[in-house]
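Visitor: What would the 3D arrangement of this be:
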Amino acid sequence: MSSPSKRRDMDLMKLMMSDYKVEMMNDGMQEFFVEFRGPKDSPYQDGVWKIRVELPDAYPYKSPSIGFVNKIYHPNVDEMSGSVCLDVINQTWSPMFDLVNVFEVFLPQLLLYPNASDPLNGDAAALMMRDHAAYEQKVKEYCEKYAKPEDIGATQEENSSDDELSEEEYDASTDDAIAGEPDP
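Guide: Modelled structure (predicted):
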């Protein structure tokens with residue numbers, strides 16, 4: 001086993017043994033979801049997000065790709081894709097950092113100290129600079145609407161019950177109705 005893959009496995013195990021819920025995406029250990037709660041004493045404190053993490057082959061020498069799956073209102077997070085603009089992940093990553101640092105230090109700091117001068121969400125940045133109280137209110141509204149525990153379970157698979165027959169519709173259908181009329 002090469003050094004980067006040993007380190008990747010070790011970092012992932014360390015993250016799984018911490019207080020974070022980790023959900024693997026496939027058989028490999030390079031893509032997974034992590035449940036992340038907003039930091040206390042912030043407008044994000046009641047929010048719960050599903051974070052998608054992708055580890056490159058060169059991890060830890062190359063930074064992980066981090067993105068919010070459910071919506072968050074933040075100047076440095078793209079509202080549509082969930083991509084994160086964070087210097088320590090995108091530009092100044094070091095192999096000294098690990099996955100626990102991402103969830104215990106980097107993401108909480110991002111939420112506590114948004115940088116409106118380097119936005120991915122221009123509307124959030126403008127509102128934050130113009131009316132901080134209105135910005136915090138909108139953050140709380142997004143937390144209420146998109147970042148509840150039930151939201152992180154619902155974001156990965158869509159509700160398909162619209163395509164299914166109700167029990168009454170199912171009982172009313174018969175084999176003859178399904179098969180149609182016999183040929184003469």
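Visitor: This protein: strands as residue ranges?
Guide: 22-24, 31-37, 48-54, 65-68 (DSSP state E).
Visitor: Mind putting those strands into JSON lines with mean neighbour count and distance to residue 139?
Guide: All C-beta spots, glycine's among them, are computed from the backbone N, C-alpha and C. Shown next, in JSON lines, are these (neighbours: other Cβ atoms under 10 Å; distance: least, Cβ to Cβ, whole Å):
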{"stretch": "strand 22-24", "mean neighbour count": "14", "distance to residue 139": "25"}
{"stretch": "strand 31-37", "mean neighbour count": "19", "distance to residue 139": "14"}
{"stretch": "strand 48-54", "mean neighbour count": "20", "distance to residue 139": "12"}
{"stretch": "strand 65-68", "mean neighbour count": "20", "distance to residue 139": "13"}
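Visitor: Which one, of the ones you listed, ends up nearest to residue 102?
Guide: strand 65-68 (6.5 Å; Cβ to Cβ).
Visitor: what packs against the closest one?
Guide: Contacting strand 65-68 under the criterion 3 or more Cβ pairs under 8 Å, 6 or more residues apart in numbering; DSSP states H and E are the following elements: strand 48-54.
Visitor: out of the strands of the chain, nearest to residue 77?
Guide: strand 65-68 (5.7 Å).
Visitor: Give me the pLDDT for the residue lying closest to residue 46 once chain neighbours are set aside.
Guide: Leaving aside its chain neighbours, residue 46 sits nearest to residue 143 (5.2 Å; criterion: Cβ to Cβ, 6 or more residues apart in numbering). Looking at residue 143, its pLDDT reads 96.
Visitor: before we move on, what about residue 184?
Guide: Reported pLDDT for residue 184: 55.
Visitor: Give me the mean pLDDT for stretch 95-115.
Guide: 95.
Visitor: Can you give the contact residues for that stretch?
Guide: 7, 11-12, 14-15, 18, 20, 34, 36, 38-39, 42, 44, 51, 53, 60-61, 64, 66, 74-77, 84-86, 88-89, 124-125, 128 (Cβ atoms under 8 Å, 6 or more residues apart in numbering).
Visitor: Next up, the contacts around residue 22.
Guide: 12, 15-16, 32-35.
Visitor: Quick one: end-to-end distance for stretch 78-91.
Guide: The first and final residues of stretch 78-91 sit 17 Å from each other (Cα to Cα, to the nearest Å).
Visitor: Off-centre distance for that stretch?
Guide: 12 Å (Cα atoms, centre = their mean, to the nearest Å).
Visitor: For it, give the mean pLDDT please.
Guide: The average pLDDT for stretch 78-91 rounds to 87.
Visitor: And for residue 116, the neighbour number?
Guide: For residue 116, the count of nearby residues is 18 (other Cβ atoms under 10 Å).
Visitor: List the contacts of the residue lying closest to it once chain neighbours are set aside.
Guide: Nearest residue to residue 116 in three dimensions, chain neighbours excluded: residue 125, at 4.0 Å (Cβ to Cβ, 6+ apart). By Cβ under 8 Å, 6+ apart, the contact list for residue 125 reads 75, 114, 116-117, 119.
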